[in-house]
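A.B. asks: Give me coordinates for this.
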Amino acid sequence: MGLIDSVLGKEGKKFIKRKDSDPGDAARSFEELRSSLYNELRTSEGAKRQQQRFCGPIMAMSFNFMVAVGIILTNKLVMGRVGFNFPIFLTLIHYSIAWFLLAFFKALALLPISPPSKTTPFSALFSLGAIMAFASGLANTSLNHNSVGFYQMAKIAVTPTIVLAEFILFRKTISFNKVLALAVVSAGVAVATVTDLEFNFFGACIAIAWIIPSAINKILWSNLQQEANWTALALMWKTTPITIFFLLALMPCLDPPGLLSFKWNLNNSTAILISALLGFLLQWSGALALGATSATSHVVLGQFKTCVLLLGGYLIFNSDPGFVSLCGAVAALCGMSVYTSLNLKGSGESSSKQLLIPKQSIPLQKTKTNEETSEDTEITGNTTNNV
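C.D. replies: Below is the predicted model of the structure:
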């Protein structure tokens, strides 16, 4: 019954209750159930409700965390042992495989319906697709030309950029306590991960150029899902072709020569294909996490992943990152815990405020109903007396 209630909702309960009634009631109940299922599965609002019902914040962020760890290990294999040093083309393979999978879902009618075109202008989708190409492509290029420490420093700069961009674009502000928690998180990650700052001029320019597209990309993904009833898969279907177009334009500028001379044997092709499949899951899980939480929370999740990998290597594989790095990771985790608790407290307060509204309106309706009932009783009494 729990699965039926979650999928069919109120109309499913009505149909089950009326199955032993007369044929007319059963037919009407079945028609209501069919229309309810259509609204839930074949409209953008229903698809959005199903995504929120089955993939809440905890589920989405856990999914994104596990896939992110997997693709980090796979990309290390592809870039290191396989020797595939073409970051833009690797990103292009990821998005091409994602688009083919989405087309397969579309052919099987498994892709959620997109909202009407009037609600979201094409310019917004085009901007998101273009920015996504720069954010993903420049990230891999930065990692290819800079050390891990300098790459992490650029990632830390994304957090204040998101806060500033959300204030400029949407006049969205955060509390002073959250600012302090984010500052502790950024400082802790910096101490834990930034052990070397080796970079060249070209790599530094790429890292700086990546910060703003990365922040805007997360903000747009979160805003379009939360404000315009987009689901993650439907938004990926609309924006992925635009991203592929811009990656094709970026590839001659940022990728080194020698792509045609790469050895496309079975082992290398399999490793790249696995990386591409994980790339699709990473894009999907990241979109789900951004739709369920916020751009800032998604960045904090990425920093949490970095600290967990560092502490896990120390506890499981006996690696020695150093006492200072361990202290930085612990401080970052404490800051993340405070930030998460503040978010949960804020969401709980907003939910309680929403629940108070119908509770205040119910007594008014009951009072009005009682007055109407008393007036009807008086009219009936007067009529009886007149008769």
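
A.B. asks: could you point out where the stretch 1-150 of the chain is predicted with low confidence?
C.D. replies: 1-48, 50-52, 54, 147-149 (pLDDT under 70).

A.B. asks: Could you rerun that using 90?
C.D. replies: Applying pLDDT under 90 to the stretch 1-150 of the chain flags residues 1-87, 90, 105-124, 136-150.

A.B. asks: Which residue ranges of it form helices?
C.D. replies: For the stretch 1-150 of the chain, the helices defined by DSSP state H, counting those that start in this stretch occupy 2-8, 10-17, 23-41, 44-54, 57-76, 87-107, 122-145, 148-156.

A.B. asks: distance of Met236 from Ser62?
C.D. replies: According to C-beta to C-beta, to the nearest Å, Met236 and Ser62 sit 20 Å apart. (Each C-beta comes from the backbone N, C-alpha and C, glycine too.)

A.B. asks: again with Met132
C.D. replies: For Met132, the distance to Ser62 (C-beta to C-beta) stands at 23 Å.

A.B. asks: Looking at these two, which has the bigger crowd around it?
C.D. replies: Met132 (26 against 13; other C-beta atoms under 10 Å).

A.B. asks: what sits against Leu169?
C.D. replies: Ile219 (C-beta atoms under 8 Å, 6 or more residues apart in numbering).

A.B. asks: and if you look at Ile244?
C.D. replies: 92, 95-96, 99, 133.

A.B. asks: And those residues, which of them are buried?
C.D. replies: 92, 95-96, 99, 133 (16 or more other C-beta atoms under 10 Å).

A.B. asks: and the residues you listed as CSV, adding distance to Ala329?
C.D. replies: Shown next, in CSV, are the buried ones among the contacts of Ile244 (distance: C-beta to C-beta, whole Å):
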residue, distance to Ala329
Leu92, 34
Tyr95, 32
Ser96, 36
Trp99, 37
Ala133, 32
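
A.B. asks: Can you tell me which of these comes closest to Lys263?
C.D. replies: Leu92 (18.9 Å; C-beta to C-beta).

A.B. asks: my guess is the closest one contacts Leu248, does it?
C.D. replies: Yes. In this structure, Leu92 is within contact of Leu248 by C-beta atoms under 8 Å, at 6.8 Å.

A.B. asks: Count the neighbours of the closest residue to Val330 other than its chain neighbours for me.
C.D. replies: Spatial nearest neighbour of Val330, chain neighbours left out: Gly188 (7.5 Å); criterion: C-beta to C-beta, 6 or more residues apart in numbering. A count of nearby residues for Gly188, using other C-beta under 10 Å, gives 24.

A.B. asks: Please apply the same query to the one 3 residues further on.
C.D. replies: Counted with other C-beta under 10 Å, the burial measure for Val191 works out to 18 neighbours.

A.B. asks: now Ser175
C.D. replies: Count around Ser175 with other C-beta under 10 Å applied: 10.

A.B. asks: Identify the residues contacting it.
C.D. replies: Leu342.

A.B. asks: For it, grab phi and psi.
C.D. replies: phi -70, psi 160 (degrees, to the nearest 10).

A.B. asks: Could you look up the SS state of Lys238?
C.D. replies: Look at Lys238: counting by DSSP: H, G, I helix; E, B strand; the rest coil, its state is helix.

A.B. asks: wait, isn't it in contact with Ser114?
C.D. replies: Yes. Counting by C-beta under 8 Å, Ser114 is a contact partner of Lys238 at 6.3 Å.
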